[in-house]
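K.L.:
fold the following.
(one chain, ligands or ions: 1)
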Amino acid sequence: MTEPTIAGEPDIDTDRRQELATRLEQRLREVTERDAYDSGLGAAMNPTPKTTHQQSHIERTPHARTRRDRPPSRPFIRVPSREMGMRIALLGGTGDIGEGLALRFGRDTNHELLIGSRDPEKARDAVAEYKTTLEDHTDSVDIKGFANEMAADRADIVVCSVPPYHVGDTVEGVADSLDSDTVLVTPAVGMKGDADGLHYHPPSAGSVTELVAERAPDEVPVVGAFHNLAAGALADLETDLDLDTLVVADDEAARDTVLNLAGELEGLRALAAGPLANAAEVESVTPLVINIAKYNDDMHDVGVKWV
Ligand SMILES: NC(=O)c1ccc[n+]([C@@H]2O[C@H](COP(=O)([O-])OP(=O)(O)OC[C@H]3O[C@@H](n4cnc5c(N)ncnc54)[C@H](OP(=O)(O)O)[C@@H]3O)[C@@H](O)[C@H]2O)c1
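P.N.:
Next up is the predicted model:
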């Protein structure tokens with residue numbers, strides 16, 4: 001005798017039903033932290049709502065592609081950088097940390113800024129907004145909007161300012177535009193939240209920074225920086241930062257480039273914190289500063305100064 005069926009559902013027998021249930025259970029058991037970073041399942045595992053700028057570190061949207069699927073890098077011809085400075089791409093530069101960094105770089109440096117987005121129109125809209133904000137703070141700023149791939153293709157420094165569960169895919173998506181002369185910077189921190197606050201949630205690579213290094217072409221130097229800065233503080237140009245940012249890298253030249261670049265921002269001191277293997281310690285400070293802001297009414301956009 002067949003099992004009763006739900007109206008409109010195909011009739012499937014008990015064995016088949018059991019088999020499907022077993023497969024589902026097995027799949028759920030297979031869901032590890034690695035899956036969360038590799039397939040976006042972290043979103044489903046950690047459905048904490050975004051309540052502040054900084055909580056947007058927590059990530060929700062699914063994606064699915066791994067390093068194995070990526071085509072090999074092809075040779076790439078760089079557009080020469082401006083005499084005055086470097087070209088800095090902010091992938092996902094339409095978001096919170098992207099806005100903060102764009103405004104600070106725009107005000108405090110002469111570098112050319114390339115705002116990247118999955119949607120070039122969105123990038124151009126963001127550029128128009130940033131230009132308006134910067135009008136009161138600087139005489140000239142060189143800033144343009146592009147699709148992420150185009151921004152990365154033109155840049156000397158590529159800052160991957162997208163949510164942590166998507167940095168891997170984003171890096172792979174622009175891999176053909178990166179080479180050994182491009183410095184790839186990641187500020188990404190994975191966190192999960194509960195009633196107590198936010199907690200560091202690294203991928204199995206050890207840290208998001210190391211995940212980025214795994215997913216980037218081997219020859220591209222990766223640097224972790226800007227993890228503990230609050231986007232809100234960066235974007236408020238009236239705020240005197242008086243903060244530190246910690247920089248981790250295996251490649252010394254790339255590390256020094258980012259130390260110098262970060263140090264160009266007024267009120268920001270950049271400190272070396274060792275190789276990429278130390279990134280987890282740096283990233284884990286971010287939920288701490290957000291929790292301090294949560295539990296102290298008079299503290300917003302908390303940052304760190306090491307003395
Ligand atoms: N917010 C902070 O205070 C702060 C501080 C330090 C570090 N960080 C780190 O910086 C990174 C960005 O944080 P955020 O707060 O700026 O994030 P966000 O505002 O939520 O997102 C930044 C941008 O990422 C792009 N994006 C969104 N979903 C994507 C997907 N599925 N695939 C590819 N790109 C996607 C979007 O740009 P388009 O739609 O234009 O493509 C979005 O504007 C995170 O990794 C975070 O851990 C944040």
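K.L.:
pull out the buried residues from stretch 293-307.
P.N.:
By neighbour count on 16 or more other Cβ atoms under 10 Å, the buried set for stretch 293-307 is Ala293, Lys294, Asp301, Val302, Gly303, Val304. Bear in mind the C-beta positions are built from the backbone N, C-alpha and C, glycine included.
K.L.:
pretty sure the first one sits against Asp301.
P.N.:
Yes: with contacts counted by Cβ atoms under 8 Å, Ala293 reaches Asp301, the gap being 6.9 Å.
K.L.:
quickly find the element holding Glu281.
P.N.:
helix 279-283 (DSSP states H and E).
K.L.:
now the end-to-end length of stretch 236-247.
P.N.:
Stretch 236-247 has an end-to-end distance of 23 Å (Cα to Cα, to the nearest Å).
K.L.:
can that stretch be said to contact the ligand?
P.N.:
No: looking at stretch 236-247 against the ligand by Cβ under 6 Å from any ligand atom, there are no contacts, and the closest approach is 9.3 Å.
K.L.:
for that stretch, buried residues please.
P.N.:
Buried, per 16+ other Cβ under 10 Å, within stretch 236-247: Leu237, Thr239, Leu241, Leu243, Asp244, Thr245, Leu246, Val247.
K.L.:
now those residues in CSV, with distance to Gly145 and pLDDT?
P.N.:
CSV is the format used below for those (distance: Cβ to Cβ, whole Å; pLDDT from 0 to 100):
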residue, distance to Gly145, pLDDT
Leu237, 20, 97
Thr239, 25, 90
Leu241, 25, 95
Leu243, 28, 97
Asp244, 30, 98
Thr245, 25, 98
Leu246, 30, 98
Val247, 27, 98
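K.L.:
in strands, which of those fall?
P.N.:
Leu243, Asp244, Thr245, Leu246, Val247 (DSSP state E).
K.L.:
isn't the first one right up against Val304?
P.N.:
Think Leu243. Yes: with contact defined as Cβ under 8 Å, Leu243 counts as touching Val304 (6.6 Å).
K.L.:
rewinding a little: neighbouring contacts of the helix holding Glu281?
P.N.:
Helix 279-283 has contacts (Cβ atoms under 8 Å, 6 or more residues apart in numbering) with 188-190, 200, 202, 206-210, 224, 227-228, 246, 248, 273.
K.L.:
ok so, going back, how about the buried residues of stretch 293-307 in JSON lines, adding pLDDT?
P.N.:
Output for the buried residues of stretch 293-307, formatted as JSON lines (pLDDT from 0 to 100):
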{"residue": "Ala293", "pLDDT": "94"}
{"residue": "Lys294", "pLDDT": "93"}
{"residue": "Asp301", "pLDDT": "87"}
{"residue": "Val302", "pLDDT": "89"}
{"residue": "Gly303", "pLDDT": "94"}
{"residue": "Val304", "pLDDT": "95"}
